[in-house]
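Have a look at this prediction, sequence included:
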Number of protein chains: 2
Amino acid sequence: MFLKVKNINIATGGPLIAILNCKDANKLNLQEGDRILLKKGKKEIIAPINITDLSHPKEGQIGLYSELSTVLKTTNGQKLKIKPTHIPKSIELIRKKLDGTILTKKEIKIIVKDLIENDLTEIELTYFVAGCYNKDLTKKETEYFTKAAIKHGTKLKLNKKLIVDKHSPGGVPNNRTTMLITPILAAAGLTIAKTSSRAITSPSGTVDTMEVLAKVKFSVKEIKNIVKKTKGCIVWGSGTELAGGDEKLIHVRHPLKLDPEGLMIASILSKKASVGSTHILLDFPIGKTAKIKSVKEAKKLKKKFVDLGKKLGMKIKGIITDGSEPIGNGIGPALEARDILYILRRDNKAPKDLEEKAISMANKIFKMTKTKKDAKKILESGLAYKKMKEIIKAQRGKASIKPEEISIGKYNYSVKSSRTGKVKEIDNKKITRIARTAGAPSDKEAGIYLYKHKKSKVKRGEKLFTIYSNSRDKLNRAKLISKQVIRIK
Amino acid sequence: MFLKVKNINIATGGPLIAILNCKDANKLNLQEGDRILLKKGKKEIIAPINITDLSHPKEGQIGLYSELSTVLKTTNGQKLKIKPTHIPKSIELIRKKLDGTILTKKEIKIIVKDLIENDLTEIELTYFVAGCYNKDLTKKETEYFTKAAIKHGTKLKLNKKLIVDKHSPGGVPNNRTTMLITPILAAAGLTIAKTSSRAITSPSGTVDTMEVLAKVKFSVKEIKNIVKKTKGCIVWGSGTELAGGDEKLIHVRHPLKLDPEGLMIASILSKKASVGSTHILLDFPIGKTAKIKSVKEAKKLKKKFVDLGKKLGMKIKGIITDGSEPIGNGIGPALEARDILYILRRDNKAPKDLEEKAISMANKIFKMTKTKKDAKKILESGLAYKKMKEIIKAQRGKASIKPEEISIGKYNYSVKSSRTGKVKEIDNKKITRIARTAGAPSDKEAGIYLYKHKKSKVKRGEKLFTIYSNSRDKLNRAKLISKQVIRIK
C-alpha cells in the first residue's frame, strides 16, 4: 500500500513510530503495536504503529513522528510504500528470558540485532530488562550480548593501536575522576576517547558535569575530529550511534532504576569496544552505602570484567577503592565542575581526595601501557589544565571560565553540626537523595557542597554541608531529609 | 506555571500524555517521563510528559494528546496551570513486587489507585506485570487487588438483587457459549449484563464475534439502558470505565501474551463485581492443548475463584468441561457468528457440541438461582433467538441477518484427510495458530471451518477443515502450518 507522508513535528523520545488512520489499519488488518515495513528508495525501516480514529493522519496518509521522519528524510506529501511485517523473533526469546531460560548465542544475537535496529517496542524491552533483572545474564550470555552489540553497533575507527580508557560506576557522589584523568593522559600523549553517561540515579553523571563546561553531544564524525585534534574527549556516549541499543535499554531501566549486572557489563564493555579501547582501568569503590558493599563482591565483579575483556582482546585492570563517602566536595553538575577546575588550576580550594584518586588512577594506566610519565607532575605543571582547555574548546565550550564564574543555585541552606567530634561516616545514599531532591542533575546548579570528610574534626555549630537549589520548594524538601547524613562521634 | 493549550489531534492509544517544549521543561527541571499536575478549574489530572526540542509545542505551550484533551475538555489557546508532581509511590512498590516481595493491602491499594487514575506509564505497568508473572500474586494479594479495583472502579448500578453471569477462559477455539447463554437466560427473565473481551491470543473473543452482528462498544449509561430494555447484553468490557485499569494491563500483557493467574482472577472478578453480578458460573475446559491441562489444576483454580467470590459476596460455581478440541465448527469472528445463528435459528448446520454445552451451562445457572426453567425448551421454542434479536437491535446491529449473509474470507484452502479412520485428537493450539495466521481476529472474515470433531469417522481424501482468509499471502502462510493438526487412527 502507498501512503502519503505527513511529518509530525513531535518527538517520541526515541522509538521510531508511525501513525496510521484506523481505516488504513483495517484494510491492512493491523492492530495497535503491530509493525510495518516502510520503504523509501532502497531504505527500509521497520516501525511499530499507533492507530488513530481521528483525522491526523487522514485515510491515505501515514504520520511519522520526528525520529522516524528524520531517519527516512521524508517530506510532506511524499509517497511511501508500506507493508505489514511479521512480529520479530525476539519477542518469543524475550519471553523465554522472562521464563528464566538461558539463551543461546544465536538467540542473544537476534535480540541485540532487533534492539539496535529499533525493531522492539518499549514494552518489549521492558520485559527483556525485567527478565535480566530476575535472572541475570550468565557469563556466556553476557559475552554473546557484548559481542553482538559490538558487531551490530557503530564504531569510532580511530585507527590507533593503543587507546586507553577508564570506568567508574555511579553510586559514590562526585568521584569525577574522568574529568581529570582524561586531560592527564591526553597531555601525556595517550589517546582516550572517553564516552560517558548521564546520571540515572545519582546527582550527576560525568556528562552532566562536563556539560557545565562544554557541549557533550556530538556525531561520531565530530568525536573522531575532537580526538584527532586533542587526543582526548569527554562526550555523551548515549547521544551517538556508538551506544548501539544501550540508550533504549537505559530509557526503560530508568523508571525503576534497575541495573542488572550482566546488562551493565555488556553495556560498559561494548561501548569501550566501540571506540577501540585496548587498555581499560576499572574503579570499584566499595562502601556500606556504595553500589558495591564488600571487597569480595568487588573482586567477583572485577573478575567478570577481566575475563570478558580477554575474550574481546582488551587488557582490563580493576582497582578497589574507598567508596564509603563522596569523593570531592561539590555534588551536582555545577558544584562538581567547580571542583574539577579548582584541581586543574591548582587552586587551594581543590579537594585533595579527588585529586589523589585521579593521580593514582592515571599512574595505573601509565603502568598498564608502559608509559614513563608521572600524573602528579602533569597536573602540577599545568599541562593537564592546558589540555583540558583544548578539549573544552574542541567541544565548543568556555575554555577560560573560572570556577567562581560557574553559577550555583540561588537558594541555599547549611546544615550544621550538633556536636563536637570527628566525622565517622557519610551516607552516600542520603547525600544523593538530598542533592536530587534539591534538583540535581536536571537543575545543574543544584546540589551540595561538603565541608567535611571522614576523619575531619568538627566543632558544634560548624557547617557540615550547604544545599543549593534554584527552587525554594525543592530546597525545603531537601532540608527535610538533611538530618543524620553525617555521623560524628 | 501557566501554559497555553495546543490540542494535538493524535491518540496515544490510551495513556494521558502531555508534551512540553524543552525550554519550559528546563525551567521546571523536568525530564522525559516526569509527571505534571494539570489544573483546569476544579479538575486536576496527573500526566507524564514527553519533551520536544522542536517547535510543536513552542515555548509557552503545552501539547495535549487527544486522550488528555478529551478528559480535560480543552480548547486551543486556553491557559492551563501546570506544576511538577512527585513520582507516584507505586513505582517503589512495583519494584518491590519485581523483587519478589509480597505486598500489603495498603500497598496493593496504592498501585490499583494509581493504575485506575492513569498515574502509571506503560513501562511501569510492564514491570508490574513482569513482577506478577515471576512471582504470582498470593491469595491475599489477589483479594486486595480485586477489592481495590472494585472500590476505585466505576459501577453499572443496575439496582437488581439477582444478576447472573458466566465466564469461560480463552484457549479453546470457538467455545462461544456466552452468545447462547445470554439470550437463553434473558429470555427466562434473568438479568445478565455480560461484558466480554477481545481475543488476546485466540482467533476470536466473544466481543470480536458479537461485533459481526452488532456494536459492542457502549458507555456505561448505554449499557444500563440496553440491559434495562432487554435484560441482557453482550458488550465490550474494556471499552468502558467498568474495566477500571484492566485495559491498560491487557495492553502491556499483550506483546508477550502474559497471563499471570492472580491478575487474571482479579481482572475477571472485579469486572463481574462492577456490573453487580451475584451468581456466576465458571467454565474450566481441560485438555492437553487447552489452557488448563488437568482436572487437578482446574479444581485448584476453581477453588481460588469460589473462595474469593465468598469474600466478595458472590455465589460462584465452577464446572469442569472437555477442552480437548474446539467447541463448535467455525473459528474466527464471522465463522463463529454463523454457528451462533445456526443454533439460535434451529438450522441443521448447527454445531451440536456447542449447543449442548450452552444448554447445560444455562441449566446450571437456573439451578444456582432456583429458576424453574429449561434451557433446551427456551432454545427450541425460538424464544432465545427472539431475545438475541432484541439484544442485537438494542446494540444497534442487524437483527435480521441470516448466517449465510455473513461474509467470510474470499480465499480458502481445504485440508483433506490422508487416511481413513477415526479422529483421535484435534490440536487447539495449532488450530489457533492457523486461524490467526490466516488473519483472525483482525480480519473478521478469516478463520477455519471444521467438518470433523473427535470420534468422527473420516474417509481418505475427505475434507477435515477449510481455512478462510482475505489475503492470499496470509492464506499461504496458514497453509504451510496446516499439517498434522488432526490426528486420525
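Cool, the structure landed. Numbers count the residues shown, from 1 in each chain, chains lettered A, B, ... in the order given.

phi, psi of the residue of chain A found nearest chain B?
Proximity of chain A to chain B (CB to the nearest CB) peaks at A:Ala130, 3.5 Å away. C-beta coordinates here come from the backbone N, C-alpha and C atoms, glycine included. Here the main-chain torsion angles of A:Ala130 (degrees, to the nearest 10) amount to phi -60, psi -40.

Verify the contact between it and B:Ala130 for me.
Yes - judged on CB atoms under 8 Å, A:Ala130 makes contact with B:Ala130 at a distance of 3.5 Å.

Find residues that contact each of those two.
Applying CB atoms under 8 Å, 6 or more residues apart in numbering or on different chains, one finds that A:Ala130 and B:Ala130 are jointly contacted by A:Leu98, B:Leu98.

if we can go back for a sec, which residues are in contact with the residue of chain A closest to chain B?
Under the criterion of CB under 8 Å, 6+ apart, the neighbours of A:Ala130 are A:Leu98, A:Leu258, B:Leu98, B:Thr126, B:Tyr127, B:Ala130, B:Gly131, B:Asn134.

now A:Ile343
Here A:Ile343 is in contact with A:Leu180, A:Ala350, A:Pro351, A:Leu354, A:Glu355, A:Ala358, A:Leu379 (criterion: CB under 8 Å, 6+ apart).

Can you tell me how far the fourth one is from A:Arg176?
Think A:Leu354. In this view, A:Leu354 and A:Arg176 are 7 Å apart by CB to CB, to the nearest Å.

And for the last one?
Per CB to CB, A:Leu379 is found 14 Å from A:Arg176.

And these two? Which one has more around it.
Per other CB atoms under 10 Å in any protein chain shown, whichever of A:Leu379 and A:Arg176 has more neighbours is A:Arg176, with 29 against 23.

Leaving out the residues flanking it, which one is nearest to that one?
Spatial nearest neighbour of A:Arg176, chain neighbours left out: A:Glu336 (5.1 Å); criterion: CB to CB, 6 or more residues apart in numbering or on different chains.

My reading is that the one you found lies in a helix. Confirm?
Yes - counting by DSSP: H, G, I helix; E, B strand; the rest coil, A:Glu336 is part of a helix.

Next, count neighbours for it.
33.

again, but for the one 5 residues further on
Around A:Leu341 sit 23 other residues, with neighbours defined as other CB under 10 Å.

what sits up against stretch A:478-488?
So stretch A:478-488 is contacted by A:413, A:415, A:417, A:419-427, A:430-431, A:433-435, A:437-438, A:452, A:458, A:464-465, A:467, A:469 (CB under 8 Å, 6+ apart).

Filter those residues down to the buried ones and hand me the PyMOL line.
Burial among the contacts of stretch A:478-488 is assessed by 16 or more other CB atoms under 10 Å in any protein chain shown; the matching PyMOL selection reads:
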select buried, chain A and resi 413+415+417+423+425+426+427+430+431+433+434+435+437+438+452+458+464+465+467+469
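
and A:Ser442, that one's in a helix?
No - A:Ser442: not assigned to a helix; according to three-state DSSP it is coil.

and the closest residue in space to it that isn't next to it in sequence, how far is that from A:Lys257?
Leaving aside its sequence neighbours, A:Ser442 sits nearest to B:Asn29 (CB to CB, 6+ apart; 4.4 Å). B:Asn29 sits 18 Å away from A:Lys257, going by CB to CB.

Among those two, which residue is more densely surrounded?
Taking other CB under 10 Å, B:Asn29 and A:Lys257 do not tie; B:Asn29 has more neighbours (20 against 11).

My read is that A:Cys233 contacts A:Lys393, right?
No - applying CB under 8 Å as the test, A:Cys233 and A:Lys393 come out as separate, 11.7 Å apart.

Next, the contact list for A:Leu258, please.
A:Leu258 neighbours (CB under 8 Å, 6+ apart): A:Val129, A:Ala130, A:Tyr133, B:Arg95, B:Leu98.

Now do the same for the residue lying closest to A:Ala446 once chain neighbours are set aside: its pLDDT.
Take A:Ala446 and drop its neighbours on the chain: the residue closest to it by CB to CB, 6+ apart is A:Gly439, 3.4 Å away. What the model reports for A:Gly439 is a pLDDT of 90.

my read is A:Gly439 is in a helix, agree?
No - the assignment for A:Gly439, made by three-state DSSP, is coil rather than a helix.

Mutual contacts of A:Leu354 and A:Arg176, please.
A:Ile327, A:Gly328, A:Asp339.

just how off-centre is the helix or strand that A:Ile434 is a member of within its chain?
Take DSSP states H and E as the rule and A:Ile434 turns out to sit in helix A:428-437. Averaging C-alpha coordinates over helix A:428-437 and over its chain gives two centres that are 19 Å apart (CA atoms, centre = their mean, to the nearest Å).

how about that helix, does it reach chain B?
No - residues of helix A:428-437 are not located near chain B by CB under 8 Å from any CB of the partner chain, the shortest gap being 10.2 Å.

Run through the neighbouring helices and strands of that helix.
Counting contacts by 3 or more CB pairs under 8 Å, 6 or more residues apart in numbering or on different chains; DSSP states H and E, helix A:428-437 is packed against strand A:330-331, strand A:447-450, strand A:463-469, helix A:472-480.

doesn't A:Ile467 make contact with the residue nearest to A:Ala446?
No - counting by CB under 8 Å, A:Gly439 stays clear of A:Ile467, with 9.8 Å between them.

who touches both of these two?
Common neighbours of A:Gly439 and A:Ile467 (CB under 8 Å, 6+ apart) do not exist.

Of A:Cys233 and A:Lys393, which one has the most company?
The residue with more neighbours, out of A:Cys233 and A:Lys393, is A:Cys233; 29 against 16, by other CB under 10 Å.

Just the CA trace of stretch A:228-248, in PDB.
Below are the C-alpha coordinates for stretch A:228-248, written out as PDB (Å, rounded to 0.1, in the frame of the first residue of the first chain):
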ATOM      1  CA  LYS A 228      42.300  13.600  16.500                       C
ATOM      2  CA  LYS A 229      42.900  17.200  17.400                       C
ATOM      3  CA  THR A 230      43.300  16.900  21.200                       C
ATOM      4  CA  LYS A 231      43.900  13.100  21.800                       C
ATOM      5  CA  GLY A 232      41.000  13.200  24.200                       C
ATOM      6  CA  CYS A 233      37.300  13.900  24.700                       C
ATOM      7  CA  ILE A 234      34.600  13.700  27.300                       C
ATOM      8  CA  VAL A 235      31.400  13.200  25.400                       C
ATOM      9  CA  TRP A 236      28.000  11.700  25.800                       C
ATOM     10  CA  GLY A 237      28.100   8.100  24.600                       C
ATOM     11  CA  SER A 238      24.300   7.500  24.600                       C
ATOM     12  CA  GLY A 239      23.900  10.600  22.300                       C
ATOM     13  CA  THR A 240      25.700   8.800  19.500                       C
ATOM     14  CA  GLU A 241      25.200   5.700  17.500                       C
ATOM     15  CA  LEU A 242      28.300   4.300  19.300                       C
ATOM     16  CA  ALA A 243      25.900   3.300  22.100                       C
ATOM     17  CA  GLY A 244      24.100   0.800  19.900                       C
ATOM     18  CA  GLY A 245      20.800   0.000  21.700                       C
ATOM     19  CA  ASP A 246      22.100   1.000  25.100                       C
ATOM     20  CA  GLU A 247      20.200   4.200  25.300                       C
ATOM     21  CA  LYS A 248      17.000   2.400  24.700                       C
END
